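1. What follows is a predicted protein model with its sequence.
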Amino acid sequence: MSSSKTLTVRVLTVVVALTCIPAAAQISSLNFQQMQLNGSAIQATNGGGQQVLSLTQDGQELEAGSAWYMTQQSVASGFTTVFTFQITHNSQFGPGPADGFAFVLQNANNFGEGNQLAALGGPGGDIGYGFQIDEGVKPIDNSIAIEFDTFQNSWDPNGNHVAVQSCGTGNNTAEHNQICDSGASSTLGIAATPGVNLADGNVHSVMLQYDPGTLTIYIDNSGMPVLTVPVQIGTLLALNEGTNNNLTGYVGFTGATEDTPTEETDILSWTFTPGGVTQPTTITQTLTPGPGPFFTNYVFGSYNHKYEYSNANPGDVVTVTAMPTSPSIVNPVLTSFAPNASCIVYDGTGGDCVVFQVSCTETTGSDCTNLPYTLFEGYNTQQTINQPCLLKTEVYSPPSPSTWINIETAFSQTRFDPVSTGNSKGFSYFVAAQNCGSPASGLNGTNCNGVYSGAYWGNLTVSNGQSCTFSNGGVIGNLTENGGTVVLENNSFVLLNLHERGGNLYVSNSSVGNLQVDTAGSFSIGPTVNLWANLLAQNLAAGTGPDQVCGTTIWGSLFFQNSAAPIQIGSTTSCAGNVVGGNVQVQNNSGATVIDSNTVYSNVVDQNNTGATQVFSNTISHNLTCSGNTSITGGGNKAQRKQGQCAGF
C-alpha cells in the first residue's frame, strides 16, 4: 500500500482567452482542446491505455506533424518545460527508427498573418520544422528548435543526438552548421552523445530550463545537463509583447519520419512554466533507487530545488510545488525564527519570494520521513544577501505563525545566482531568507557559555570553564574549542571548521564543514551528522576516551592516528555504522580501535596499531588493507580486494 506524508498539491487550471494575447499561464497537461494539431500529429491511446500526443505513426512514410499550444507563452524572461516521450519501432514496418522530434518555440511569419498555429515544416531529416528546397514545404521561420534526432542524415554526427537549431528570425533548418542569412551557424549547440538511446522504446523525461542568456537540457532526471547553450531568446527572435511587458511566442512539438525508416513518436506528458508568472507550479519526479548518490532536480525557470540522496527505495515519489508569494505575506511568519528575517526575492517572479511545498509518497519503507538528503536551492536575484538561511517548517499557513528551523550548511553567491545548501530528513515547506542572525544576548567571539539558537556570524572560541550548546543554531564561520564543552544538536551547524584542542565535544543531528580533534579532549560524533569535508583526530592522550563516530555521513575521509585514546568507528549495537565518501585510515594508535559496519566508498587502511584492533562487517568499494598491527581480529567485510592481515576478514 502506498503511503503519503501530508501536503496538498494545488491542481492548476489553464484558462484560454482567444480575443487577445493573454497573460501566460502554466501548461499543466496534454489538454487537446487547447492544442492545434497539424499534419500527422493526432491524439492517440498508447499500449498502456494512456492518452498521448502522437507526432508520427510507425510504418507511415514521409510524415510530418506539429502540435502547438493555442495560447502564446511568456518565453524571453525565462521558462521551464518538462515532458516525457516514447519512441518505438516495429521491425515489421521495415527499417527504423527515424527521424526524431523537436520542442519548438516560434512566432512564424511563413504561414500567413495570425496563422502561426498552422506552422509545419518538412518530413524526414527536417523533423517537422526545417525544409529542403525540393520538398515544396515552408520551414518554420522565426523559431528555435531543440531536436532529439534518431536518424543519421548526411549533416548529422550520428543517429542519436540532441541539438539546438535556429537562424533567428530567418528560416530554421535541421541541417547542422548551415550558414544562416545572418552569417551565423544554424546550430547553437549539439550533444553527439546524450547519454541515453532516444529510440530504445523506453519512456524518457526531458527538462528544458531557460534563464535569459542560457538554455540547459536535462534528460532522465540527470543531475548534469546534456547540453548547455548560451542564447538570448528575446533578441534572437521577433516576439510579441504580452501583459506586464512579457515577450511571448507559441510553444509545441514537431516530428517526422523518413521515406523508409519510420517510428512512433509519442509525447506522454507536458508542463510548461513561464518566467514572470506568479502561479504555483508543480513538478513530480520519481527518486532513483540504489546506493547513489543521485540527484533529482526540480527546475522552475530562474530558480530550482535539487536533492542529492543515497539509498532511496523503489517507488519513492517527490512532488515539489513552487509558490511565488508576496514578501508582505511571507516575512511576518519568518519573524518567529529571527526578528529581521525576510524572504529572498527571486528574478522572474515579479517581485515575489518563493515558498516550496514538498510532498512525498512511498511504496516501501519510511523514506518520506527518514531518508537523509542534501538540498540545493539555486536562484537568480538582484539582491545582495546578508546572513542567509534556508528555512524549513512542517506547517505553513500565513498569517498563522510557523516554527522554522535553519538547515543551511553552505551558501555562495556569484553575481546574481546564489546557491543555498542544507541537509535534512522529511519533506515539508522550504524558503530561502536573509537577515537570519539571532544569537542570544552576550554571545561574542570569545564568550560562548549557554544554550543558543540562530546563527552566529564570525569566528567563535570556547575556553575552559565554558559550556557552549547550539540547539537549532550554529556558527557561520569557524569554531575553536580550547577546553570546556561544546554541544551541537537539533539541526545545528558549523559552516567552516570545527577544531577541538581540549574539553568535550558532542555533535548529533547536525552538520560541520571540516572537523579536527588534537591532543586533548574527548568527542562523540553522531548519530545523524553530516561532515562535508574530513574528520581528522590525532595525538589524543589515554584516559580522554572512549571516543566514537556513529551514524555519521563523512563526504571526505576519516583519519584517526597517533593516539592512546580508544575509538569506536561504527558498531552493530549502540553505535551505528557510518558512510564515508573517501578513505578510512586508522594508524599508529596504542588505544583499542573498532571499525565496524561502515560503508566506505574508497579504501580502508588499518596499520601499525599496538592496541587491540577490530575490523568487522564493513562494505568497502575498493581495498581493505591491514598491516603491522599487534593484535587484530575481524570478519564479514566486503571489499574489492582484502590485503595483508585482513586478507581473510
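-> Nice, I can see it.

2. how does the chain divide into domains?
-> 26-274, 281-434, 450-644 (automatic domain parsing).

3. how long is the shortest one end to end?
-> Between the opening and closing residues of domain 281-434 we find a distance of 24 Å, counting by C-alpha to C-alpha, to the nearest Å.

4. Please identify which helix or strand holds the residue lying closest to Leu505 once chain neighbours are set aside.
-> Leaving aside its chain neighbours, Leu505 sits nearest to Phe523 (4.2 Å; criterion: C-beta to C-beta, 6 or more residues apart in numbering). From N, CA and C alone the C-beta is placed, and that goes for glycine too. Per DSSP states H and E, Phe523 falls inside strand 522-525.

5. so Ile217 bridges to which residues?
-> Legend: beta-bridge partners of Ile217 under DSSP bridges are Leu208, Leu227.

6. That one reaches Met224, doesn't it?
-> No - Ile217 lies out of contact with Met224 (C-beta atoms under 8 Å); the separation is 10.7 Å.

7. okay, these two: which has more neighbours?
-> Ile217 (24 against 10; other C-beta atoms under 10 Å).

8. Report the contact partners of that one.
-> When contacts are counted by C-beta atoms under 8 Å, 6 or more residues apart in numbering, Ile217 is found next to 146, 162, 164, 191, 206-208, 225-229.

9. from those, which single one is nearest Gly570?
-> Pro225 (36.8 Å; C-beta to C-beta).

10. Disregarding residues adjacent in the polypeptide, which is nearest to that closest one?
-> Excluding its sequence neighbours, the residue lying closest to Pro225 (C-beta to C-beta, 6+ apart) is Thr216, at 4.7 Å.

11. That neighbour reaches Thr228, doesn't it?
-> Yes - contact criterion C-beta under 8 Å: Thr216 and Thr228 qualify, at 4.9 Å.

12. With distance to Phe493, neighbour count and pLDDT as added columns, please give the contacts of Ile217 in JSON lines.
-> As requested, the contacts of Ile217 are exported to JSON lines (distance: C-beta to C-beta, whole Å; neighbours: other C-beta atoms under 10 Å; pLDDT from 0 to 100):
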{"residue": "Ile146", "distance to Phe493": "40", "neighbour count": "23", "pLDDT": "98"}
{"residue": "Val162", "distance to Phe493": "40", "neighbour count": "24", "pLDDT": "98"}
{"residue": "Val164", "distance to Phe493": "41", "neighbour count": "23", "pLDDT": "98"}
{"residue": "Ala191", "distance to Phe493": "38", "neighbour count": "19", "pLDDT": "96"}
{"residue": "Val206", "distance to Phe493": "36", "neighbour count": "21", "pLDDT": "90"}
{"residue": "Met207", "distance to Phe493": "31", "neighbour count": "24", "pLDDT": "83"}
{"residue": "Leu208", "distance to Phe493": "35", "neighbour count": "21", "pLDDT": "89"}
{"residue": "Pro225", "distance to Phe493": "30", "neighbour count": "18", "pLDDT": "87"}
{"residue": "Val226", "distance to Phe493": "34", "neighbour count": "20", "pLDDT": "94"}
{"residue": "Leu227", "distance to Phe493": "36", "neighbour count": "20", "pLDDT": "95"}
{"residue": "Thr228", "distance to Phe493": "32", "neighbour count": "15", "pLDDT": "93"}
{"residue": "Val229", "distance to Phe493": "37", "neighbour count": "20", "pLDDT": "96"}
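
13. got the residue ranges for the helices in the chain?
-> For the chain, the helices defined by DSSP state H cover 233-236, 327-334, 367-370.

14. Dump these to CSV, plus mean pLDDT.
-> CSV is the format used below for these (pLDDT from 0 to 100):
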stretch, mean pLDDT
helix 233-236, 96
helix 327-334, 94
helix 367-370, 89
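
15. got CSV for those, with mean neighbour count and distance to Trp155 too?
-> Listed next are the helices of the chain as CSV, based on neighbours: other C-beta atoms under 10 Å; distance: least, C-beta to C-beta, whole Å:
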stretch, mean neighbour count, distance to Trp155
helix 233-236, 17, 21
helix 327-334, 18, 51
helix 367-370, 18, 47
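
16. Give me the contact list for stretch 500-507.
-> 462, 464, 480-489, 498, 515-526, 529.

17. Derive a PyMOL selection command for the buried subset of those residues.
-> Burial among the contacts of stretch 500-507 is assessed by 16 or more other C-beta atoms under 10 Å; the matching PyMOL selection reads:
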select buried, resi 462+480+481+482+483+484+485+486+487+488+489+498+515+516+517+520+521+522+523+524+525+526+529
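
18. Show only the entries of the contacts of stretch 500-507 found in strands.
-> Those of the contacts of stretch 500-507 mapping onto strands are 462, 480-482, 485-489, 498, 515-518, 522-525, 529, per DSSP state E.

19. could you pull out the strands for the stretch 351-500 of the chain?
-> Using DSSP state E, counting those that start in this stretch, the strands of the stretch 351-500 of the chain run over 353-362, 373-379, 389-393, 405-406, 408-414, 417-424, 429-434, 450-457, 460-463, 467-476, 479-482, 485-489, 492-500.

20. Could you do the stretch 1-150 of the chain as well?
-> Taking DSSP E, counting those that start in this stretch as the test, the strands found in the stretch 1-150 of the chain are 3-5, 35-39, 42-45, 51-56, 64-69, 73-74, 79-88, 100-106, 143-149.

21. Quick one: closest of these to Ser510.
-> Per C-beta to C-beta, nearest to Ser510 of those: strand 3-5, 23.4 Å.

22. Could you pull up the mean pLDDT of that closest one?
-> For strand 3-5, the mean pLDDT works out to 25.

23. rewinding a little: identify whichever of the domains of the chain lies nearest to Asn444.
-> Of all those, domain 450-644 comes closest under C-beta to C-beta, at 8.3 Å.

24. what's the distance between Ala647 and Val52?
-> According to C-beta to C-beta, to the nearest Å, Ala647 stands 57 Å off from Val52.

25. Likewise for Thr319?
-> 22 Å.

26. quick one, which of the two is more surrounded?
-> Set Thr319 next to Val52 and count neighbours by other C-beta under 10 Å: Val52 wins out with 21 against 18.

27. Spatially, what comes nearest to that one if we skip its sequence neighbours?
-> Asp266 (4.2 Å).

28. now do Gln51
-> Thr45 (6.0 Å).

29. how close does Gly290 sit to Tyr309?
-> 10 Å.

30. Who has more neighbours out of the two?
-> With neighbours defined as other C-beta under 10 Å, Gly290 and Tyr309 compare such that Tyr309 has more, 20 against 12.

31. Mind checking the strands of the stretch 351-500 of the chain for the one nearest to His622?
-> Ranking these by proximity to His622 (C-beta to C-beta) places strand 373-379 first, at 23.4 Å.

32. still on that earlier bit, what's the least confident stretch among the domains of the chain?
-> In terms of average pLDDT, domain 281-434 trails the rest of the domains of the chain, at a mean of 86.

33. How far off centre is that domain?
-> Its chain's C-alpha centre and that of domain 281-434 lie 11 Å apart, by C-alpha atoms, centre = their mean, to the nearest Å.

34. Stretch 602-612 now?
-> Worked out by C-alpha atoms, centre = their mean, stretch 602-612 lies 37 Å from the chain centre.

35. Compute the first-to-last residue distance for stretch 95-113.
-> Using C-alpha to C-alpha, the end-to-end distance of stretch 95-113 comes out at 40 Å.

36. Alright, calling it a day.
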